[in-house]
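# Next input, structure requested:
(5 chains)
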Amino acid sequence: MKKRIGYFICHCGINIAGTVDVKRVSEDLASYPGIIHSEDYVYMCSDPGQSRMIEAIKEKKLDKVVIACCSPTLHETTFRNAARTAGINSFQCEIANVREQCSWVHKDKVKATEKAIKISKSVIERARFNESLEPISIPVTRRALVIGGGISGIQSALDLANSGYEVVLVERSPSIGGHMIQLSETFPTLDCSQCIMTPKMVEVSKHPKIKLLTYSEVQDISGYVGNFKVKILKKPTFVDPDKCTLCDECTTVCPVAVPNEFDLGLTRRRAIYIPFPQAIPATYTLDINHCPGLVPIACGKCADVCEPKAIDYDMKPEILEEEVGSIIVSTGFDLYGKDEMAEYGYGTYEDVLDGLQFERLCSASGPTMGKILRPSDHKEPKEVVFIQCVGSRDPEQHCAYCSKICCMYTAKHAMLYKHHVHDGQAYVFYIDIRSGGKGYEEFVQRAVEEDGVVYLRGKVSKIFEENGKIRVWGVDTLSGKDIEIKADMVVLAMAIRPSKGADELAKKLKIAMDKDGFLSEAHPKLRPVESVTSGMFLAGAAQAPKDIPEAVAQASGAAVKAVNILSQEKLYHAPTVAAVNSTLCTGCGMCVDVCPYEAVSLAEGKANVNEVLCEGCGTCMATCLRAAASVKNVTPQQVHNMIIASLEG
Amino acid sequence: MVTLEELKDNCRQILKEGKVKYIIGYKRKNGQYMTVPAFLDRIEEVDHLVWDPSCIYNLVRYLRDEKMRKEKEKEPDTRPVGVIVKGCDSRAVNILIQENYITRDDVYIIGVSCEKSGIVDEKKLTKKFAGKDIRKLDFAGNGKIQVTCGTKNSVVPAEEILADRCIECTIPTPIVFDVLFGEKTDREVPDPFKTIKELESFDTTRKWEFWKEEMDKCIRCYACRSVCPMCYCDECVADSISLAVKPDTTAEEKAHKIRWVEKSPVISENFNYHLIRAMHLAGRCVDCGECDRVCPVDIPLRYLNRKMEKESLDHFGYTAGMEPEKPTLVSCFREDDPEEFIL
Amino acid sequence: MKMEEKFEPKIVAFLCKWCSSAGSDLAGVSRLKYPPNVVPITVMCSGSVSPNYIFSAFKKGADGVLVSGCHPGDCHYMKGNYYARRRITLVKELLDFIGIEPQRFHMSWVSAAEGAKFTEIISDFVKELEPLGPQNKLRSNL
Amino acid sequence: MEKVLLKKDLNSWAGKLGSYDIYAPFKSGDVWGYELMENQAEITLDYPNTAIPPKKILFPQREVLFEFEATQEGGMEIREVLPDDTPKIIFGVRSCDARGLAKLGKISQGGIEDVYFTRRRNQTVIAGLACHNPPSPYCFCTSVGGSPHSLEGMDILMTDLGDAYYLESVTEEGVKLMGSAEGIVTDPDDKQKADKEKIHSDSEKKILLDISDMEKINEALSEIFDTGLWDRESLSCLRCGICTFSCPVCHCFDVNDEIIRTHPLKGKRVRTWDNCQFPDFTMHSSGHNPRSDKASRLRQRVMHKFRYFNENCEEFLCTGCGRCIEKCPVGIDIVEVLEKAKTYEK
Amino acid sequence: MKNEYIPKPARIISVKEEVDGQRAIKTFRTQFLEPDGFSYRCGQCAMLSVFGKGESMISISSAPHITDYLQFSVLKTGRVTTALHDLEKDDVIGIRGPYGNGFPVEDWKGKNLVFVGGGIGLAPLWSIVHTAIENKDEYGDVMLIYGARSSNDIVYKDELDGLKKKMTIHLSVDNEEPDWKEFVGFVPQNVMDKKPSPENAIAITCGPPVMIKFTIQSLNELGFNDDQIYTTVENKMKCGIGKCGRCNIGEHYVCKHGPVYSWEKLKTMPQEY
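Below is the predicted model:
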């Protein structure tokens, strides 16, 4: 049967009619092949305008309509809904933009009218071969996976769980808590980090909807939004947490001592250990890398002393398979280490510390029980130099970006130092002070005014040890004077890097990373918590350096985004996706290479489109040498006819 | 240098062992010095095998026939097919592998090195030895070719009679092979894109006059795409002929195939056909030059593909058929790909 | 005596939906003016523009063809414009090689904010094409 | 009528033929082809043979059959497009090609007449040229009922005597044409007559290929229809169209509509050369393809030329010009195939 | 000199949808815009043009004695037939012809006629079926054995009902259907089931190639000699006049020598149809 197309041109008051002779257009189009009905109307988008369209569709049994009006971004949905009301598929309604792309940009009425005709004809040619499509529906597994158990992951997990959805929280270390649990106090309120963090950790461990998998890593992931299948490797801790009574006998007999990660090497721990007293899950872990050996058992002392027989040397790694509908990635950050940053004597001089080490020094539960003492001689440092932007904002040698939180935590460190060592002097070398945030600027001012912290604008050129002092050479660029400080301790505000291993995970998840290795958001402004992969969201410092409130806010945001998916029984996806003609496809795989969404794969030598993942960009279509791929309703056939119509016009 | 006897022995051996289904090689054309493709499935046929500077065919093209044959058979013999390849031909095999058209196991690649010379252009040869009774061509080493006329041998610098493509060839040794005969060498070419640069230096009008005259000659016999190992599509996009039709192909699908190019051999259609082909060969053409050779009206088709080859290299550092495990030229990008021309 | 009609070049512009088409919408919203010689064809992404479209447009009588997409890094589909850039580079070189005036084929990056740039590109394009006269080289001579 | 024309006068003869479109061999690059000559001074007959036979003049690769245009009233106006009626001369046609034209003429007139070919043929005079030496090592005209100086299909046969052409009229048209050369031609003397005869008889001996027992070929072919010969011989075939497009008697075509304007519809119905070696030649729209493999297509080409046509018309659909052998990019040799066909053991 | 390539414009006066879906069939009746001396015989074909799309050879399914229209039943299968299916009443197409030799009806006079058709294969038989019924005295018994994939695929449904009074009609569908009371199975099986007598009979079969092959086997089994069996290979016809080369099978050009063949002749020809 011939197509029965209706054509409507909107005057848009004088917006269109002022430059385009709409009567002439409508008359001209009336004789165009397939046009059964052609009319002009003053405001097509108005209720009477839409009614006219609906009436015409019903009366003249139209199966397609083209409305020449404003940009489709404005009223495409309006008219498509109206078309559906009239009983035709919404994809049988197309918009010809004769306002923004014609009447508003031209003056010559004759030429603008001709152009409006060409635009209309070309859109009619598109409509002529439009398929009727229904949104693609996808069932949803109504559970979520959160990767990373720092504050962001915890927040996301709790928000999701409290919304009623099951959450699998995967943490690679033996305890959740991340970096926040290492901190002493938090800016700008100086409340105790552990005090506000532990209740959340406990809540996670007690929450009936949260399945906590610590000492575990995501190994493999397949599927797509709403239907991910995740393989998780659960590494053996060799300790049964249910039996363990936390008596700590095992650590006393363990012959091995290694640097304690939690205290960043400021203390040592045993091969069997609990990372920190408040660890969740509250249990011990046998660190296989440092244990003298299990196969064959080389030592066995810990098991010997364990009364409840909680230690099981035969524990094996487990692979767990979980099905989830949505994933939040909150893999956090690491600080620049000594491998990356050797300039300032970090790793060489004992009394040159990084920010996290200083946090541990300040912490009441830290290695010095809250006293600030030099690691080298356990004396109280009287002059401490804090250096900001170590590795940050240095495009030539290090990271080009600003690590964002250093200004604030350095101010906090200086302040905390003064609170501990009243007669001490804190110096801060800075490039700029970035203290945007609620109460932040006031906080920095307090450090300067109340705690007498000396801020020096400039870079440190050299640090070296001499006579038990660390000599810091620098320049105060404000006064232009060379500065030399004989410090007792130096604290470096190291650049923030994506957590180690985040890149591998990103590859498994097929989430893009930016050039610095942080995970890429789908849109820098409008989709800051979504990854480019549908159904996966980002939280916390994995996406970019951020402070706790920001991380928590993003985590909650990500949780809501995940709920957007999980709260639905089915997801709907635009059906204008690619399709492959398998007769023509030779399976060369070029479309697989170019697809930005990993939506195309090869099966039995033919390309296959996962319609759920496909966004319909059509790059496969232009890449395919055999014209086997095409995007529904923007097929090469349609574009070919549009080209002809726009040139014949 | 390639020893023909060794090559033959290897072929006999793999046939004897049943390692290959058959071998695609070269044999003499009916008592003449030029060769034709040979399909050897019996050991005794290997006696006729030839390798000399007349072996111009890119035999990789026949892997397509083999694949089609296999697809038709109910219980196909899945042993590999032996194929004799030169440097350029081997890159064509690589592309077929890169594009999943064949697997590495489908072929037993018998590489032969062109070393410092290459394959002779029959037209140049007959011009140079006009009126002489050419009997035989041989590689004479050191970039020379021995031409036997009657009973007289003359050794000439290869460049004088080489096919154009061979003159500009920098990869005379197979990139991929199961067994290689002859020496692995490169070929120093002062400017492999000299001809293209010359054409580029023409002004717009002169370029157009040049190509218009060439395209006007095209009779659309499609020998160019028929001989091309890369043109393995069942149905060419340029003139969809509904050849790729299955019982479930709908009438609409057949009816609405786009005719980018009409059958009429007029300039606009000829241009469209050859432009589409050039685009489709960008990053895939290995400059085996076969399209150029087979053209019955002597359109220098190679130039179009060679131009694309040049741009692929200049802009994107890409050479076709070198790394089959990597994406193709147009299915990858670098963020810093040049874009001076973009407004 | 009949005045010789002024040559009005015909331009087909393939605009990606998200940036360039939106940019040309902005030109409209801003009431910028450019010559009416261009007919836009909105495609999803510049990465979906097949060389066949371009050749076909010339064959059907286009005097100029424009392909326009998002700036690198801004593609709605992340990478489509990078692929387009490679492909179109080759088309550009090829057309130039066979003697099509380089002024007849352009690619541009026009963001949704660059209404003014779109206006300028079209105005310049028309100006460039006017002295060249009709494109008859690739036009169908069936 | 028999006359002698000095070679130097060929151009002035051509100059007298102003009312005709003159086609003659023309070399572009390394390739000879028949071209419409704008400048008579460029006419030369010193050439081997053209790549594409002169059938392209009488049966052009693209022929517009008619034009159609939708009328305002919803009808369709159909305008027949006939070849223009300017008389034509083709100079230098070789005997094989002239015979080819004669065969095409028979095909065109058999059954329903093909208006386009007939009309062109009727207004064309063939001034052919006998061969001294076979233009190609693959010539085998003498094996298929022809000769290097065959008169079939000619209006005039010219024989190169060195400094002059010996002209023999074959048809009334030829006589008329030779009449126009009055004043610049002379009557041949006995030596010239003898020379011509000698050239003719010598030229036959120079043909290198000779297929024996051609009278038995029909029978031989009829016995090997279903044999493996065709698979074997077609192995190297590329499925291109060179052999048939360059054949002086291959005449298959396709008919298509070409659209000039889609709305209101205007277009042309054209026929273009087609080719039994293209895989889509016999393709049905259902997807059924009776000759889907190379072997059956090669068989069709050989069978049609040497058996089917022979059974209908008692002659071969081949003039032995050797082009398909010479031009085949992979050395498929129809003579070789025939030889094998004769001796093929099932 | 008549230019055989030029079609005459004709108007579609009615379109009837016989079968819808994947294998759609429509029946068109047409009238020439200007009176035309178009006369034809049973089994001949005509070339239909859809301008801008091309031309396609279609069997004439109306009987020659009907003079006010030409009827064609068209299976939608390719470019031209799809375009034809898009046409409506009053649209203009082009027609040239008639082509082919048609059925040797004169030779069949006085004989019993057995028509065996499958799917769209009834269309080429339809003119002779009607002719035979119209001239009942000239022929013996007329039987039609016709089958389709399903009851939805049966063409000329309404007419078949009416014709049942005038001739024996045996229908079949390939697979069981709820309300189907007639034969279930393939056409050749139905032939074996209904056992038409070869006595003084001619069998004319048309349909898909596989069906024809097995129908002939069935007929042979029932005692039909090869010279009693006829079929038509009109789908080989392309230009209609034996010039374009596509219809060449062996020494025959189907356009000139066919398309109607006795099996006795066709079986000696190369199996390239």
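
# Now the phi/psi pair for D:Ile126, please.
In terms of degrees, to the nearest 10, the main-chain angles of D:Ile126 are phi -100, psi 110.

# Would it be right to say that E:Glu18 lies in a helix?
No: when classified by DSSP: H, G, I helix; E, B strand; the rest coil, E:Glu18 is found to be strand rather than part of a helix.

# For it, give its distance to chain C.
Between E:Glu18 and chain C the distance, using Cβ to the nearest Cβ, to the nearest Å, works out to 36 Å. For glycine as for every other residue, the C-beta is placed from the backbone atoms N, C-alpha and C.

# Check A:Lys469 too.
The gap separating A:Lys469 from chain C is 49 Å, by Cβ to the nearest Cβ.

# What's the per-residue pLDDT of that residue here?
Looking at A:Lys469, its pLDDT stands at 91.

# Need the nearest residue in space to it, chain neighbours excluded.
Among residues not flanking A:Lys469 along the chain, A:Lys486 sits closest, at 4.3 Å (Cβ to Cβ, 6 or more residues apart in numbering or on different chains).

# same question, A:Lys309
Counting by Cβ to Cβ, 6+ apart, A:Lys243 is the residue found nearest to A:Lys309 once chain neighbours are left out, at 6.4 Å.

# thinking again about what came up before, check which helix or strand covers the residue nearest to A:Lys469.
In this assignment (DSSP states H and E), A:Lys486 forms part of strand A:481-487.

# Pull up the pairing partners for that strand, direction included.
Sheet neighbours of strand A:481-487, with direction, are listed as strand A:469-476 (antiparallel) (DSSP bridges).

# Quick check: buried residues in the partner strand?
Within strand A:469-476, the residues that qualify as buried are A:Ile470, A:Arg471, A:Val472, A:Gly474, A:Val475, counting by 16 or more other Cβ atoms under 10 Å in any protein chain shown.

# thinking again about what came up before, need the contact list for the residue nearest to A:Lys309.
Taking Cβ atoms under 8 Å, 6 or more residues apart in numbering or on different chains as the contact definition, A:Lys243 lies against A:Pro308, A:Lys309, A:Ala310.

# gap between the residue of the stretch 51-200 of chain E found nearest chain D and chain A?
Using Cβ to the nearest Cβ, the single residue of the stretch 51-200 of chain E nearest to chain D is E:Gly78, 2.9 Å away. In this view, E:Gly78 and chain A are 15 Å apart by Cβ to the nearest Cβ.

# does the spatially most central residue of chain E sit in a helix or strand, and which one?
The residue lying closest to the centre of chain E (Cα atoms, centre = their mean) is E:Pro124, at 1.1 Å. Mapping E:Pro124 onto the secondary structure by DSSP H and E places it in helix E:122-134.

# Next, the nearest residue to the residue nearest to the centre of chain E once chain neighbours are set aside: secondary structure please.
Ranked by Cβ to Cβ, 6+ apart and with sequence neighbours excluded, the top spatial neighbour of E:Pro124 is E:Ser59, at 3.8 Å. On the three-state scheme (three-state DSSP), E:Ser59 is labelled strand.

# what number of residues lie near the residue of the stretch 51-200 of chain E closest to chain D?
E:Gly78 has 23 neighbouring residues, counting by other Cβ atoms under 10 Å in any protein chain shown.

# check contacts around it.
Contacts for E:Gly78 (Cβ under 8 Å, 6+ apart) come out as B:Ser242, B:Ala251, B:Lys254, B:Ala255, D:Ser285, E:Ser56.

# May I see the ChimeraX selection of the buried members of those?
This is how ChimeraX selects the buried members of those, with burial counted by 16+ other Cβ under 10 Å:
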select /B:242,251,254,255 /D:285 /E:56
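
# The residue in chain C positioned nearest to chain D in helix, strand or coil?
Among residues of chain C, the one nearest chain D by Cβ to the nearest Cβ turns out to be C:Leu142. It sits 4.7 Å away. In the three-state summary, C:Leu142 is assigned as coil, counting by three-state DSSP.

# Now the closest residue to chain C within the stretch 201-343 of chain B. Nearest residue, chain neighbours left out?
With Cβ to the nearest Cβ as the measure, the residue in the stretch 201-343 of chain B that lies nearest chain C is B:Trp208; the distance is 2.8 Å. Excluding the flanking residues, the one nearest B:Trp208 by Cβ to Cβ, 6+ apart is C:Gly99, at 2.8 Å.

# repeat for B:Ser113
Distance criterion Cβ to Cβ, 6+ apart; nearest residue to B:Ser113, sequence neighbours excluded, is B:Gly182 at 3.2 Å.

# so what's the one you found scoring on pLDDT?
At B:Gly182, the predicted lDDT confidence score is 90.

# My read is that it contacts B:Lys116, right?
No: shown here, B:Gly182 and B:Lys116 do not form a contact pair, counting by Cβ atoms under 8 Å, at 10.5 Å.

# Between these two, tell me which one has more neighbours.
Here B:Gly182 and B:Lys116 are compared on neighbour count by other Cβ under 10 Å; more neighbours surround B:Gly182, at 21 against 17.

# which ones are touching the more buried one?
Under the contact definition (Cβ under 8 Å, 6+ apart), the residues listed for B:Gly182 are B:Met1, B:Val2, B:Gly111, B:Val112, B:Ser113, B:Cys114, B:Glu115, B:Thr173.

# Quickly check the residues you listed for the two that are furthest apart.
Taking every pair in these and measuring Cβ to Cβ, the maximum separation is 13.8 Å, between B:Met1 and B:Gly111.

# and those two? which has more neighbours close in?
Neighbours per residue (other Cβ under 10 Å) separate B:Met1 from B:Gly111, with B:Gly111 holding more: 24 against 13.

# what about the residue in the stretch 101-250 of chain A that chain E sits nearest to, neighbour count?
The stretch 101-250 of chain A approaches chain E most closely through A:Arg128 (11.0 Å), counting by Cβ to the nearest Cβ. Number of residues near A:Arg128 (other Cβ under 10 Å) recorded here: 20.

# That one and D:Phe140, how far apart?
Note on A:Arg128: its distance to D:Phe140, by Cβ to Cβ, to the nearest Å, is 56 Å.

# Tell me what the nearest residue to B:Asp138 once chain neighbours are set aside is bridged to.
If the residues on either side of it in the chain are set aside, B:Asp138 comes closest to B:Gln146, at 4.3 Å by Cβ to Cβ, 6+ apart. With DSSP bridges as the criterion, B:Gln146 is bridged to B:Asp138, B:Val155.
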